[in-house]
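[1] sequence isn't available, so here's the structure alone:
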C-alpha cells in the first residue's frame with residue numbers, strides 16, 4: 001500500500017499542481033465578483049484557522065510522543081548496562097528481552113503502541129524478580145526498579161497520546177472546506193497563464209497542508225530522524241543488529257547508514273497479523289543496492 005511520508009509528499013504535491021493547472025487551463029470561470037470575494041474569504045479563513053489549529057495540536061502531540069519514546073527506549077540501554085552487575089546469564093537474558101520489546105514496538109505501528117505491552121511486562125517481571133546477592137547489587141537493583149517505574153509511566157502516556165486521533169467529523173469539515181475553496185478559485189479563474197499558476201499554487205498549498213496534517217495525525221512526520229535513527233543507534237549500543245520492517249526500507253522511509261548488517265522483517269499476512277513473519281540479515285550496502 002502506498003503511504004504518504006515526508007519523502008513522498010513533494011512528488012504528490014507536484015502531481016496535484018499539474019492537475020490543478022490543467023483544470024485551470026481548460027475551465028474558464030466568470031471572473032471576480034463581490035459575491036465570490038465574500039465566499040472565498042469566509043471559506044479560506046475558516047479552512048486556515050481549522051488547519052492551523054489542527055496542525056499545531058498534532059505537532060505538539062507528536063513532539064510529546066517522540067520525547068517520551070526517547071526517554072522510554074534510552075532507559076533500556078541503562079537497564080542493560082546495570083544488569084552487568086549481575087552474572088552474564090542475567091545480562092544476556094536482559095538484552096534478549098529488551099530486543100524482543102524493541103522488535104514488538106517496531107512491528108506494530110506507533111498508533112498501536114499498546115500492542116507491544118506484553119513483551120515489556122515480560123522484561124518488567126524478569127528484572128523485578130531478580131535476587132540481589134551483594135550490597136552493590138542491592139543498590140543497582142533499586143536503581144533498576146526506579147527506571148522501570150519511569151518507563152511504565154512513559155508507556156502509559158504514549159498509549160494515551162497515540163489514541164488521540166482527528167475525528168471523522170473534523171476530517172469531513174477540513175476536506176469539505178478544501179474542496180469548496182478549490183471550486184471557488186476555479187470559478188473566478190480568468191483563463192490567463194498567470195491566473196492558472198496562482199490558482200494552482202494556492203490549491204496545491206492547501207492540499208500539502210492537509211497531507212501534512214494526515215502525517216502528523218498518523219505520527220509519521222520526520223520519522224526518519226525522530227524514530228528510526230535513534231532506534232538504529234540503540235540496537236548498536238546494545239550489541240544487537242538494527243531491526244526494520246521491510247516496508248520502511250522498501251518505501252525509502254529510512255536509509256540505514258553503513259557499513260554493517262541489519263535485520264529485516266517480512267510480513268506475509270495483512271497488518272496486524274504477525275504470523276509467518278520472517279527475519280533475514282542483510283548487509284546494509286548490499287541491501288541498499290537491491
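    Ah, there it is. Since the model is a prediction, treat every value here as computed from it, not as a measurement. Numbers count the residues shown, from 1 in each chain.
[2] okay, now the unreliable bits of the protein?
    The chain contains residues with pLDDT under 70 at 1-7, 31-32, 222, 224, 286-290.
[3] what's the one helix or strand residue 143 maps to packed up against?
    Following DSSP states H and E, the helix or strand that holds residue 143 is helix 135-162. If contacts are counted by 3 or more CB pairs under 8 Å, 6 or more residues apart in numbering; DSSP states H and E, helix 135-162 sits against helix 34-83, helix 117-128. The C-beta positions use only the backbone N, C-alpha and C, and glycine is treated the same way.
[4] how about these in TSV, adding distance to residue 99 and mean neighbour count?
    As requested, these are exported to TSV (distance: least, CB to CB, whole Å; neighbours: other CB atoms under 10 Å):
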stretch	distance to residue 99	mean neighbour count
helix 34-83	9	16
helix 117-128	9	16
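[5] what kind of secondary structure is the spatially most central residue of the chain in?
    The centre of the chain sits closest to residue 220, judged by CA atoms, centre = their mean, with a distance of 2.6 Å. Classification of residue 220 by DSSP: H, G, I helix; E, B strand; the rest coil places it in coil.
[6] quick one: closest of the helices and strands packed on helix 135-162 to residue 148.
    helix 117-128 (5.6 Å; CB to CB).
[7] ok, and what's touching that closest one?
    79, 83, 93-94, 97-98, 100-101, 103-104, 144-145, 148, 151-152, 155, 159 (CB atoms under 8 Å, 6 or more residues apart in numbering).
[8] list the contacts of residue 20.
    Contacts of residue 20 by CB under 8 Å, 6+ apart are 182, 199, 200, 203, 204.
[9] same question for the strand or helix carrying the first one: list its buried residues.
    Going back to what we said before, that points to residue 182. Assessed by DSSP H and E, residue 182 sits inside helix 168-187. Neighbour counts using 16 or more other CB atoms under 10 Å place 171, 174, 177, 178, 180, 181, 182, 184, 185, 186, 187 of helix 168-187 among the buried residues.
[10] next one: stretch 10-20
    Using 16+ other CB under 10 Å as the test for burial, stretch 10-20 gives 16, 17, 20.
[11] the residue lying closest to the second one once chain neighbours are set aside: neighbour count?
    The shortest distance from residue 17 to any non-neighbouring residue, by CB to CB, 6 or more residues apart in numbering, is to residue 204 (4.4 Å). If you count neighbours by other CB atoms under 10 Å, residue 204 ends up with 21.
[12] and what of residue 91?
    Residue 91 has 16 neighbouring residues, counting by other CB under 10 Å.
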